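J.: predicted coordinates and the sequence they were generated for:
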Amino acid sequence: MNQQQLQARAQELRQQYESVFAQKLNLDLTRGKPCSEQLALSDALDGILGNDYRCEDGTDSRNYGGIMGIPEARRFAAAYLGTTPERTMVGGNSSLQFMYQIVTSALYHGVRGAASAWSREAAAAGGKVRFLCPSPGYDRHFAICEALDIEMIPVAMNDEGPDMDQIEALVKADPLIKGIWCVPKYANPDGVVYSAAVVSRMAALGKIAGAHFRILWDNAYAEHHLVDNPPELANILALSEAAGTLDNVYVIGSTSKITHAGAGISFIASSEANLKSLADQLIIATIGPDKVNQLRHMRFLKDMPTLRELMQQHRAILQPKFEALLRELEAGLSGKQVNGAALGEWTVPQGGYFVLFNTQPGLADTVVKLTAAAGVKLTPAGSTWPYRKDPANNNIRLAPSFPSLPEISAAMKVFVLCVELASIERALAQ
Ligand SMILES: Cc1ncc(COP(=O)(O)O)c(C=O)c1O
């Protein structure tokens with residue numbers, strides 16, 4: 001488009017924007033929350049115990065105790081995470097809380113007694129504890145580091161996962177790098193599934209990193225497929241065991257996006273020594289997890305085949321929502337260019353909860369502001385990066401699970417309008 005054509009198109013888009021503005025929409029594509037229909041798939045949880053509160057080992061689930069979780073839930077977690085029950089721990093309603101606990105315990109109390117605390121080592125070296133953060137990533141992982149004053153180092157992501165050359169070089173050079181956040185399957189927000197080569201290099205990191213290095217392998221979307229033949233994720237626990245680095249890995253999951261969000265159960269798998277150390281810390285904060293809820297979940301989810309059937313029902317609800325979102329992106333933006341470049345690019349995820357949209361460099365915050373003013377809330381620009389600083393200012397995370405199909409289409413029409421308007425207005429201003 002020449003300057004005149006750009007002016008004319010901008011004028012047209014501004015008029016469209018004004019009419020959307022006047023509609024006073026109130027739409028929200030921010031958080032990856034399940035919708036009510038998805039939550040209703042698990043409503044049988046309520047009352048499922050029918051007054052039978054006994055766990056399989058005879059424990060009364062209504063009473064205190066059982067810091068490691070009830071036996072049937074540990075067996076289930078082992079199947080879900082790919083290990084043995086002895087190497088699992090089952091907790092309360094939030095895997096994020098487990099992750100916070102793992103990091104705070106290692107930081108202040110040590111993974112093998114007080115002398116191993118990351119903070120002690122950092123103080124002795126006159127430095128700071130640091131974490132590697134493949135970015136874009138999950139904002140709440142980054143919030144944990146920020147809250148605990150752990151310095152975050154962004155690491156590039158590519159189609160196979162995080163850039164392992166960069167990671168290996170960083171951990172070799174700096175023993176105060178004590179951890180890395182990973183969402184290895186259908187990563188939040190770019191949907192990447194780590195390749196077998198990446199997983200195997202991850203499993204070997206413990207051999208080249210400083211003391212007590214930990215991988216937080218947050219497999220939040222392990223079974224959350226949107227396609228028929230989902231990609232396989234290599235088993236980091238098996239690879240770590242073979243490499244002699246099992247102590248360096250915590251694999252984490254929960255039923256938050258399987259049953260009731262924020263009212264499910266969470267799992268960790270790691271070496272028995274790590275779990276013991278964590279349990280010794282946890283027992284100070286709680287006498288035990290909610291075993292009644294663990295038992296309800298086991299009566300409902302039963303085994304992996306039953307869980308996979310439930311996940312197919314989730315998929316039946318979610319897939320049309322992703323399709324609607326992608327259709328609007330295609331219809332509104334495909335083939336359009338400004339300044340000789342596409343107006344954006346986006347992921348087509350095979351699972352998980354998000355589509356990542358990249359604007360032309362430098363425009364994400366403008367687009368988010370424009371859509372917000374027109375009544376469509378998006379995740380704040382930058383929030384997928386440590387310290388909310390997206391260096392290219394181009395990532396926008398789109399989450400279609402919660403709104404209805406008509407709401408998604410309406411919100412995305414506004415979104416594509418704002419992307420084009422922002423791109424053209426910038427081109428005109430240059
Ligand atoms: C990658 C990831 N991990 C963890 C969570 C939260 O899990 P939970 O509800 O078990 O705390 C989310 C929720 O969006 C997530 O995207």
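T.: Now that the structure is in, tell me what you want to look at.

J.: ranges for the strands of the stretch 51-200 of the chain?
T.: Here the stretch 51-200 of the chain has its strands, by DSSP state E, counting those that start in this stretch, at 88-90, 130-135, 151-158, 161-162, 177-182.

J.: please identify the most buried of those.
T.: Mean neighbour count (mean count of other Cβ atoms under 10 Å) peaks for strand 88-90 among the strands of the stretch 51-200 of the chain, with a mean of 27. Any C-beta I mention is one placed from the backbone N, CA and C, and that applies to glycine too.

J.: list of residues touching that one?
T.: With Cβ atoms under 8 Å, 6 or more residues apart in numbering as the test, strand 88-90 has contacts from 67-70, 73-74, 76-78, 81, 265-269, 275, 278-279, 289, 294.

J.: now stretch 235-247
T.: Counting contacts by Cβ under 8 Å, 6+ apart, the residues outside stretch 235-247 that touch it are 81-83, 87, 111, 184, 199-200, 202-207, 215, 217, 248-249, 251, 269-271, 273-274.

J.: what comes up buried for that stretch?
T.: Judged by neighbour count using 16 or more other Cβ atoms under 10 Å, the buried positions of stretch 235-247 are 235-237, 239-241, 243, 245-247.

J.: helix/strand/coil for the closest residue to the ligand within the stretch 301-430 of the chain?
T.: Proximity of the stretch 301-430 of the chain to the ligand (Cβ to the nearest ligand atom) peaks at residue 353, 6.6 Å away. Of the three states, residue 353 takes coil under DSSP: H, G, I helix; E, B strand; the rest coil.

J.: ok, now which ones touch it?
T.: Residue 353 makes contact with 32, 186, 188, 221, 224, 257, 399, 401 under the criterion Cβ under 8 Å, 6+ apart.

J.: so which of the contacts of stretch 235-247 belong to helices?
T.: Among those, the members falling in helices (DSSP state H) are 81, 199-200, 202-203, 273-274.

J.: list just the nearest of these to the ligand.
T.: Among the ones in helices among the contacts of stretch 235-247, residue 81 lies closest to the ligand (Cβ to the nearest ligand atom), at 13.3 Å.

J.: mind listing the helices in the stretch 251-400 of the chain by residue range?
T.: Using DSSP state H, counting those that start in this stretch, the helices of the stretch 251-400 of the chain run over 272-285, 291-301, 304-333, 364-373.

J.: quick one: average pLDDT of the last one?
T.: The average of the pLDDT scores along helix 364-373 is 97.

J.: contacts for that helix?
T.: Counting by Cβ under 8 Å, 6+ apart, 17, 21, 358-359, 377-382, 390, 393-396, 411, 414-415, 418-419, 421-422, 426 sit against helix 364-373.

J.: go through that helix and flag the buried ones.
T.: Across helix 364-373, burial judged by 16+ other Cβ under 10 Å covers 364-368, 370-371.

J.: what does the stretch 101-250 of the chain put close to the ligand?
T.: By Cβ under 6 Å from any ligand atom, the residues of the stretch 101-250 of the chain that approach the ligand are 138, 183, 188, 218, 220.

J.: could you identify the buried members of these?
T.: Neighbour counting over those (16+ other Cβ under 10 Å) leaves 138, 183, 188, 218, 220 as the buried ones.

J.: where is pLDDT lowest across those residues?
T.: Within these, the minimum per-residue pLDDT falls on residue 188 (93).

J.: I'd like to know how far it sits from residue 182.
T.: 11 Å (Cβ to Cβ, to the nearest Å).

J.: before we move on, back to that, any idea which of the contacts of residue 353 is closest to residue 150?
T.: Closest approach between the contacts of residue 353 and residue 150, by Cβ to Cβ: residue 188, at 19.4 Å.

J.: list the contacts of the residue nearest the centre of the chain.
T.: The centre of the chain sits closest to residue 188, judged by Cα atoms, centre = their mean, with a distance of 4.0 Å. Contact analysis of residue 188 by Cβ under 8 Å, 6+ apart lists 32, 137-138, 220-221, 352-354, 397.
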